[in-house]
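Visitor: Below are the sequence and a predicted model for it; my questions follow.
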Amino acid sequence: MGNPLNLPFDPIERAHENWTNRWGASPAMAAVTSVMRAQQILIGQLDATLKPYELTFARYEALVLLTFSSTGALPLGKIGERLMVHPTSVTNTIDRLERQGFVRRLPNPSDGRGTLAEITDSGREVVEHATHDLLAMDFGLDCYSDDELWQLHALFKNLRVSFGDFPDEDSSRRS
């Protein structure tokens with residue numbers, strides 16, 4: 001699961017102190033650096049939890065998405081859109097999952113040139129086991145209360161709305 005740094009000080013705080021001395025205080029710099037370190041920690045923990053299943057978190061997400069589909073199959077383009085990743089990443093992910101026997105490719109009946117990825121029974125089985133393990137470790141966020149987790153979600157939702165991932169629900173209700 002990666003190694004803790006075990007430093008006698010917070011390197012992000014130290015970096016921010018140095019930053020402040022050179023360019024002035026920047027809460028944004030401290031926050032983004034913290035987010036990036038948190039992402040490293042979480043990916044390490046999630047991937048370590050998924051390693052017994054020979055999955056990465058990215059491949060796990062693709063399998064979960066397919067389990068949420070009413071037919072268990074989705075076009076590759078739709079997978080990329082929903083997972084917010086580049087088409088090349090989707091192709092690589094589905095290639096790997098197909099080699100593992102967790103998905104199969106099918107022609108898309110509604111698009112003669114398109115391809116569907118369909119989850120297999122073994123893919124469904126591995127999702128159930130992996131999900132159990134991820135829930136048991138609270139997706140690496142067990143140091144937070146449920147209220148704090150909802151606060152984190154809301155804070156990052158604001159960023160995603162601001163970026164244009166989707167419209168702000170509150171402003172669309174006012175329109």
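Guide: Right, received. Where do you want to start? Numbering: from 1, shown residues only.
Visitor: CA atoms only for the longest strand anywhere in the chain, dumped as CSV, please.
Guide: The longest strand of the chain (DSSP state E) is strand 111-119. C-alpha atoms of strand 111-119 as CSV (Å, rounded to 0.1, in the frame of the first residue of the first chain):
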residue,chain,number,x,y,z
ASP,A,111,-24.0,1.3,-34.7
GLY,A,112,-22.5,-1.0,-37.4
ARG,A,113,-19.0,0.4,-36.8
GLY,A,114,-19.2,0.6,-33.0
THR,A,115,-18.2,-1.9,-30.3
LEU,A,116,-19.8,-2.8,-27.0
ALA,A,117,-17.9,-4.0,-24.0
GLU,A,118,-20.0,-6.5,-22.0
ILE,A,119,-19.2,-7.7,-18.5
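Visitor: what pairs with it, and is each one parallel or antiparallel?
Guide: strand 73-75 (antiparallel), strand 103-108 (antiparallel) (DSSP bridges).
Visitor: Which positions in the first helix or strand past it going along the chain come out as buried?
Guide: Using DSSP states H and E, the helix or strand that follows strand 111-119 in sequence is helix 121-136. Within helix 121-136, the residues that count as buried by 16 or more other Cβ atoms under 10 Å are 123, 126-127, 130, 134. All C-beta atoms are positioned from the backbone trio N, CA, C, and that covers glycine.
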